[in-house]
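# My questions concern the predicted model and sequence given below.
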Amino acid sequence: MKVEIKNIEYSELLSEETNAFAATLYIEGKKVGITSNAGHGGPTGYRADDEKGKKLIEQAEAWCKTLPPDKFSSEGINYSFEMNLESHIDKLLDMWLHERDLKRFQTRIKREMERGVVVGIPNESYSLWRFKMPLANYLKNASGLQVIKRALVNEIVPTLREGRIILNTNIPQKLLEECGLKKNQYAERVSGKDTIQQNKSKPPRKGRTL
């Protein structure tokens, strides 16, 4: 069964113990009602628009009970609880928030990589080594490439530890290799995709101006 939430309005300010949101509830592609949470720790509620919506919600409630239990760990303790429609809606919202945050992160990285070398953990956090001019200006000639190379070798590469990699996708791979970087130390170049990934073999921190 397909359960969806659309037209999501989320408030980080009102989210205290739970996520504060309001959304339209869809089941099997049909608008059946609304769902919301006030953000104060109470349950996520939902309400049908009409009798047809009520019947579809009842079917979705029964379907959710057939899903595997939801499992999670907290402070070293494993928990498990039976799935229901409320929990399923909460998981859909979590997925929506996660995707939204990833898109925002990718947008920031794209903007920052035009200004310098971006180092960080993919989809989590980053620092910016900012140049005095846009990075593209340095990539136009040999002297500019040397400026980038010196910065990489002397200051940036030594910081690549604990999962931190170079997130730029606008620095020639050949230049990175000449600086001694391995494939798992810089972002994968993926044509036609927006996401920045780490080659397989939270808030931004203040960087430096080079």
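Received it, and whenever you're ready, just let me know what you need.
# List of residues touching the host helix or strand of residue 174?
Residue 174 belongs to helix 173-178 when assigned by DSSP states H and E. Helix 173-178 is contacted from outside by 145, 148-149, 152, 166, 185-186, 189, using C-beta atoms under 8 Å, 6 or more residues apart in numbering. Every C-beta, even on glycine, is put in place using the N, C-alpha and C of the backbone.
# now those residues: which count as buried?
Buried members of these, counted by 16 or more other C-beta atoms under 10 Å: 145, 148, 152, 166, 185-186.
# Any chance of these in CSV with secondary structure as columns?
Supplementary listing: the buried ones among the contacts of helix 173-178 in CSV, determined by DSSP: H, G, I helix; E, B strand; the rest coil:
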residue, secondary structure
145, helix
148, helix
152, helix
166, strand
185, helix
186, strand
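# got TSV for those residues, with pLDDT and distance to residue 77 too?
Listed next are the buried ones among the contacts of helix 173-178 as TSV, based on pLDDT from 0 to 100; distance: C-beta to C-beta, whole Å:
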residue	pLDDT	distance to residue 77
145	96	53
148	96	48
152	97	44
166	97	38
185	96	36
186	95	38
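# Quick check: what element follows the helix or strand hosting residue 100 along the chain?
Element membership for residue 100, per DSSP H and E: helix 85-112. Downstream of helix 85-112, the next assigned helix or strand under DSSP H and E is strand 116-121.
# residue ranges of the helices in this structure, please?
Remark: helices assigned in the chain by DSSP state H are 51-64, 85-112, 135-138, 142-151, 173-178.
# Distance to residue 14 for those helices - can I get that in CSV?
As requested, these are arranged in CSV below (distance: least, C-beta to C-beta, whole Å):
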stretch, distance to residue 14
helix 51-64, 25
helix 85-112, 14
helix 135-138, 40
helix 142-151, 44
helix 173-178, 44
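# Can you check which of those helices gets nearest to residue 78?
Comparison of the helices of the chain against residue 78 by C-beta to C-beta identifies helix 85-112 as nearest, at 16.7 Å.
# buried ones in that closest one?
Within helix 85-112, the residues that count as buried by 16+ other C-beta under 10 Å are 85-90, 92-93, 96-97, 105-106, 109-110, 112.
# before we move on, back to that, I'd like the average pLDDT over the helix holding residue 174.
With pLDDT averaged residue by residue, helix 173-178 scores 95.
# just how off-centre is that helix within its chain?
28 Å (C-alpha atoms, centre = their mean, to the nearest Å).
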